[in-house]
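Asker: my questions concern the predicted model and sequence given below.
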There are 2 protein chains.
Amino acid sequence: MDDRFENSVGIVETKRMRVVEEDSPLVLRCGKELGPIDVAYETYGKLSEKKDNAVLICHALTGDAHVAGYHKENDRKPGWWEDMVGPGKAIDTNKYFVICSNVLGSCYGTTGPVETNPKTGEPYGLDFPIVTIADMVEVQKLLLDKLGIKELLAVIGGSMGGMQVLQWTVTYPEMIKSAVVAASTTKLGAQAIAFDAVGRHAILADGNFAGGRYHGKDTPDNGLAIARMIGHITYLSEESMRHKFGRELRENSEYSYDFDSEFSVETYLDYQGQRFVERFDANSYLYITKAMDYFDLAQEYGTLQKGFANANCRFMVVSFTSDWLFTAQQSEEIVNSLAAGGKDVSYCNIYSPYGHDAFLLEPITLGAILSGFIGSTYRPLSERTGEPEENETRSALPKGVKPGDHARRARVDYELISSMIDEGSKVLDVGAGDGELLTRLIADKGVRGEGMELNQDMVVHCINRGLSVVHRDIERGLSYLPTDTFDYAILSKTVQTLDNPDKVIRELLRVAKKVIVSFPNFGHWRCRAGLMFRGRAPRNKQLPFRWYSSPNKHFLTLKDFDEFCREQDIQVEKKIPLKLASRRPARFWSNILAQQAVYLTSKYENPAG
Amino acid sequence: MDDRFENSVGIVETKRMRVVEEDSPLVLRCGKELGPIDVAYETYGKLSEKKDNAVLICHALTGDAHVAGYHKENDRKPGWWEDMVGPGKAIDTNKYFVICSNVLGSCYGTTGPVETNPKTGEPYGLDFPIVTIADMVEVQKLLLDKLGIKELLAVIGGSMGGMQVLQWTVTYPEMIKSAVVAASTTKLGAQAIAFDAVGRHAILADGNFAGGRYHGKDTPDNGLAIARMIGHITYLSEESMRHKFGRELRENSEYSYDFDSEFSVETYLDYQGQRFVERFDANSYLYITKAMDYFDLAQEYGTLQKGFANANCRFMVVSFTSDWLFTAQQSEEIVNSLAAGGKDVSYCNIYSPYGHDAFLLEPITLGAILSGFIGSTYRPLSERTGEPEENETRSALPKGVKPGDHARRARVDYELISSMIDEGSKVLDVGAGDGELLTRLIADKGVRGEGMELNQDMVVHCINRGLSVVHRDIERGLSYLPTDTFDYAILSKTVQTLDNPDKVIRELLRVAKKVIVSFPNFGHWRCRAGLMFRGRAPRNKQLPFRWYSSPNKHFLTLKDFDEFCREQDIQVEKKIPLKLASRRPARFWSNILAQQAVYLTSKYENPAG
């Protein structure tokens, strides 16, 4: 056996299953019937006795069922997600039963325009009916039925695979425990449709296309290559193209002064186009890009939120910072709709220079997220004994930050904050850090907790320990969330670092019934005396920074905050000024003696209510 | 006469001039010879007696010489920059003599591949030599020679027009007084080359292309249309496409479930492609995109800065926020190179949702910049009597800000700052606002002043009053500037609003010999007493904000700043604590009595030096 087989599923085989018979065809979304339908698929790992460990992977536009391993001993390349799928990997085939099937309309074994039309004995060509993402999912569901799988621990997909995942959560919500949507969207925007349309134009305009009846003749390679080149540009980021190719010339040091390809980026695209026409069918390209253009999850249901109404799985949404095909903004729309509907959603916008292709090129960060997310779905946090999961070690904290650092800093707060929160309530922790506070509240108080955090590594760490957390800057607002979504929002030692603390507090008081705010008291006597007698901006254990390097953008005292609450019509339900040395509340002269304060605030009830 | 002719140059005519004879051909950059060369051009306005008011406009990829006015009374559309060029407009034909010529290689009257090759009697086709931006400029120069123009008040161009402008400043620096480069770059990046290359592929792959010999036969319309569609996507922003088309269907409310164009964005691109093939030549498209791909100003000279070494005109660089074809970053590279070489450069990154096309679609802001910039080049600030120029009224200040507001606020500072500055020195004003301080320093002290400002409207205002100003966030650093570029840098009442004041001050002390810093003194007795006795964060005339809405991110006292200077090895040459009521320096207890302070700082000289 080859070395490279060691951490791999090894030699695997693409199987084929008839899921629709010719005499009982499937009615597609376009209204036409299709049958027979065969599905090409691969599986790795073992289905558990409880049948609760099945993971479905959905592939992208030009992908196939061959996710991992090798078809033959001497295969040069493994499956397309070998980095992510295998024994001990993020999608761990020692634990999970992994399934991937080729999509309807493709040319890799599942029925598509390249297949023989039983009515004519010829390849379908353009007689193949238009298929949609929903049709693709329908065919996957029929395959799972045949395999006897009634529950999916996770459905996972990137790009068009993510569209299938989203469709799954809407069409078969009862079957799914978790969903991972990476670099995807609920609908293409005008620019993405435009790129697809131009690619299809190039194929349709190719002299060899012959209305799709090119089988056995010269194929429309020029058109398909041009379509692929356009697509390829959209899969990379401008930054990655710049770094990879720049203005480098492929062979010469001088311009050739003709129209041959000479820049490296030109010859690269030529090569990509050439390789693609050797492996892909032009008609399939038309059909699958059209399916993507047509995908619009909200359209069918009026709004996205209504579409997701019945979904009750955990959601993990992932975007990549430099992806300009399916942007972070589009992922955030998914997250916002889910959160607005009270769904369990986590989100991470992974920093990557690799553009849309990043979902295939960021195995470390994406792997840490996937392993943590699937692992904690398989074995939820609330059921754990406190032992960390094996896969938790994957997570990377920022340099110099040890797990628990945030917690140690927050510990003094913790007892007070915890004491203000009712058992079993729903809590939003803003600036969740490494998730220690939330984890303890879940353990001690049985709360349903969600985090919000700005630092990517912290987000990954939270997800890895099984928490639901959204990667977001609180200052961007929470307008997508309905009023009183949470019982409590916690803003622990964060208010003074915000650009607009007043807006944030008002927003939190809208989405949560009560807001717990803690901050260092700038009115403490040491600060006063320092300024009064030494004429210096405050610096101490609680305010350890120099004036020019402080992350604190605002200084406030207890009195300032009291007045703020009065002016903003905020009710102070509890106010605990804290002396840190004794770890006790300051009973007298609190604005002088307390280094820190914890407030429990709420909106004033409407007197008529 | 039509109403629309009122503010227009009216009926104009494209003229044609032979600039190169067949028997003395022009040697192109590619080494080949070309002759004869005819140039199509238009002129508007009147050349002054001094011949000092000629403005050359350079057009973009598919443009022509017809910038403004109408060719016939019943013309439906005027020239391509009618918004900008005409009597009383930004490029004022009452004042200036405007020239625009069609570029070499195009198909609108200047010699290109569509013309007859005198050697064969057939159209050139692909026998036309490869042309470069430098060749285009060479031909423009020959035209100006014929017209007897030896000096250009301004050379102006957007996109590929901007490339010609840049080339002009490098090839004929002695002829140019000012240069406006909008939405352009000194070199295409890999992504832009890739889009051009795919477009050329589509033309070359078209069955009708016939090696460029399609004249008199079916033309390669499919290929050219696809190339145009790709180009068109890159000219719009994702945002503008989303707003203009979204996912709207052109005719039906339901999907048609076939491969016809049905989304509005598809039919729009079809239309654009169709219109384009009616007006443009496929070979010309190949040649001109290749010229753009080849353009690389730095390559010829080693570095951009060396390329610009002999340029001694005023530069105005303009980019547009949503332009992703030639990005703001690419414009900033031009600005940085020019500034590093000590050139007179202004820059504005205009907010626009319109993408690359914004240089044609933002006439108000761009017009204000052009009129102010050209006007003040024609009649420099230093030569004015103090009367505002007529065109200065064009400039828009932010709502609620009147010209002079900034100045009134800065007035108290002004006397002190002015007293610290030597006559005729070179000054950088960071946070230049509406430019009042700089204008006064120029008038009173004869300084050579440059501004840096974050607010677009303020930048436009500064340019409009004849100042050189760069639109930039000082926090992004000045690493492109050599050490001691300026005699003085002024940081007036800005230090406390910066995220990283220490970095900014260090950076300013590198690029300027001396740095003048003014800030509100948080150690003033009212602040002290307020915190000491009332337990409140400071609020007064100098610090008028509430704790939560203050733009001040840092509080510092005179003592804090003294210590900062000591720690950072900064020499305090002068320190003037200021009592605002008396507008006098505080001689005693300055950290208690001064509301404000002005420091003159410098690096410690190397003792060995």
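Answerer: Yes, it's here.
Asker: how is chain A partitioned into domains?
Answerer: Per the record, chain A has its domains at A:190-294, A:398-603, by automatic domain parsing.
Asker: identify whichever of these lies nearest to B:V447.
Answerer: With Cβ to Cβ as the criterion, B:V447 lies closest to domain A:398-603 of the domains of chain A, at 28.5 Å. Where C-beta positions appear, they are placed from N, C-alpha and C, glycine not excepted.
Asker: before we move on, back to that, in a markdown table: the domains of chain A, plus mean pLDDT, distance to chain B and mean neighbour count.
Answerer: Shown next, in a markdown table, are the domains of chain A (pLDDT from 0 to 100; distance: least, Cβ to the nearest Cβ, whole Å; neighbours: other Cβ atoms under 10 Å in any protein chain shown):
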| stretch | mean pLDDT | distance to chain B | mean neighbour count |
| --- | --- | --- | --- |
| domain A:190-294 | 97 | 4 | 20 |
| domain A:398-603 | 84 | 4 | 19 |
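Asker: export the ones you listed to TSV and append columns for distance to A:I57.
Answerer: Compiled in TSV, these are given as follows (distance: least, Cβ to Cβ, whole Å):
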stretch	distance to A:I57
domain A:190-294	17
domain A:398-603	19
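Asker: B:V85 is nearest to which of those domains?
Answerer: domain A:190-294 (31.4 Å).
Asker: where does pLDDT dip in the stretch 1-150 of chain A?
Answerer: A:1-2 (pLDDT under 70).
Asker: residue boundaries of the helices in it?
Answerer: Ranges of helices in the stretch 1-150 of chain A, per DSSP state H, counting those that start in this stretch, are A:133-147.
Asker: what's near enough to touch A:L441?
Answerer: Contact analysis of A:L441 by Cβ atoms under 8 Å, 6 or more residues apart in numbering or on different chains lists A:418, A:421, A:427, A:429, A:447, A:449.
Asker: out of those, which sit inside helices?
Answerer: Residues of the contacts of A:L441 located in helices (DSSP state H): A:S418.
Asker: among the contacts of A:L441, which one lies nearest to B:R242?
Answerer: For the contacts of A:L441, the nearest to B:R242 is A:D429 (33.9 Å; Cβ to Cβ).
Asker: next to chain B, which bits of the stretch 51-200 of chain A? Give me the list.
Answerer: A:126, A:129-130, A:187-191, A:193-195, A:197-198, A:200 (Cβ under 8 Å from any Cβ of the partner chain).
Asker: now render the residues you listed as TSV, adding distance to A:E563 and secondary structure.
Answerer: Output for these, formatted as TSV (distance: Cβ to Cβ, whole Å; DSSP: H, G, I helix; E, B strand; the rest coil):
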residue	distance to A:E563	secondary structure
A:L126	72	helix
A:P129	68	coil
A:I130	64	coil
A:K187	47	strand
A:L188	50	coil
A:G189	46	coil
A:A190	49	helix
A:Q191	49	helix
A:I193	53	helix
A:A194	54	helix
A:F195	55	helix
A:A197	59	helix
A:V198	60	helix
A:R200	63	helix
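Asker: if we can go back for a sec, can you tell me which of the contacts of A:L441 is nearest B:L147?
Answerer: The nearest one, if we look at the contacts of A:L441 relative to B:L147 and count by Cβ to Cβ, is A:D429, at 72.1 Å.
Asker: wait, the closest one sits on A:T439?
Answerer: No. Look at A:D429 against A:T439 with Cβ atoms under 8 Å: they stay out of range, at 10.0 Å.
Asker: next up, the contacts around A:G449.
Answerer: With contacts defined as Cβ under 8 Å, 6+ apart, A:G449 is in contact with A:426-429, A:438, A:441-442, A:467-468.
Asker: got the residues you listed as a markdown table, with distance to A:L366 columns?
Answerer: Output for these, formatted as a markdown table (distance: Cβ to Cβ, whole Å):
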| residue | distance to A:L366 |
| --- | --- |
| A:K426 | 29 |
| A:V427 | 28 |
| A:L428 | 26 |
| A:D429 | 24 |
| A:L438 | 23 |
| A:L441 | 28 |
| A:I442 | 25 |
| A:L467 | 18 |
| A:S468 | 18 |
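Asker: give me phi/psi at A:S468?
Answerer: Dihedral pair for A:S468: phi -90, psi 120, per degrees, to the nearest 10.
Asker: how about it, what does it touch?
Answerer: Taking Cβ under 8 Å, 6+ apart, one finds A:314, A:344-346, A:449-451 in contact with A:S468.
Asker: tell me the bridge partners for it.
Answerer: A:E450 (DSSP bridges).
Asker: now swap in A:D38 and tell me
Answerer: Counting by DSSP bridges, the residues bridging with A:D38 are A:R18.
Asker: and what of the one 5 residues further on?
Answerer: Under the criterion DSSP bridges, A:T43 forms beta bridges with A:I99.
Asker: what is the burial count for it?
Answerer: 21 (other Cβ atoms under 10 Å in any protein chain shown).
Asker: pretty sure it contacts A:V98?
Answerer: Yes. Here A:T43 reaches A:V98: they are 6.5 Å apart, a contact under Cβ under 8 Å.
Asker: these two touch, right, A:L286 and A:A197?
Answerer: No. Applying Cβ under 8 Å as the test, A:L286 and A:A197 come out as separate, 10.8 Å apart.
Asker: contact partners of stretch A:65-80?
Answerer: For stretch A:65-80, contacts defined as Cβ under 8 Å, 6+ apart pick out A:2, A:4-5, A:8-14, A:40-42, A:44, A:57, A:59, A:63-64, A:81-82, A:84-86, A:93, A:98, A:100-102, A:108-110, A:360.
Asker: dump the C-alpha coordinates for it into PDB.
Answerer: In PDB, the C-alpha atoms belonging to stretch A:65-80 read as follows (Å, rounded to 0.1, in the frame of the first residue of the first chain):
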ATOM      1  CA  ALA A  65     -19.200  11.800  -6.300                       C
ATOM      2  CA  HIS A  66     -15.500  11.100  -5.800                       C
ATOM      3  CA  VAL A  67     -14.900  13.100  -2.600                       C
ATOM      4  CA  ALA A  68     -12.000  11.200  -1.100                       C
ATOM      5  CA  GLY A  69      -9.600   8.300  -1.700                       C
ATOM      6  CA  TYR A  70      -8.400   6.800  -5.000                       C
ATOM      7  CA  HIS A  71     -10.100   4.800  -7.700                       C
ATOM      8  CA  LYS A  72      -7.000   2.900  -8.600                       C
ATOM      9  CA  GLU A  73      -3.700   2.300  -6.900                       C
ATOM     10  CA  ASN A  74      -1.800   4.400  -9.400                       C
ATOM     11  CA  ASP A  75      -4.200   7.300  -9.400                       C
ATOM     12  CA  ARG A  76      -2.300  10.500  -9.500                       C
ATOM     13  CA  LYS A  77      -4.900  12.500  -7.700                       C
ATOM     14  CA  PRO A  78      -7.300  11.700  -4.900                       C
ATOM     15  CA  GLY A  79     -10.900  12.800  -4.500                       C
ATOM     16  CA  TRP A  80     -11.700  16.500  -4.600                       C
END
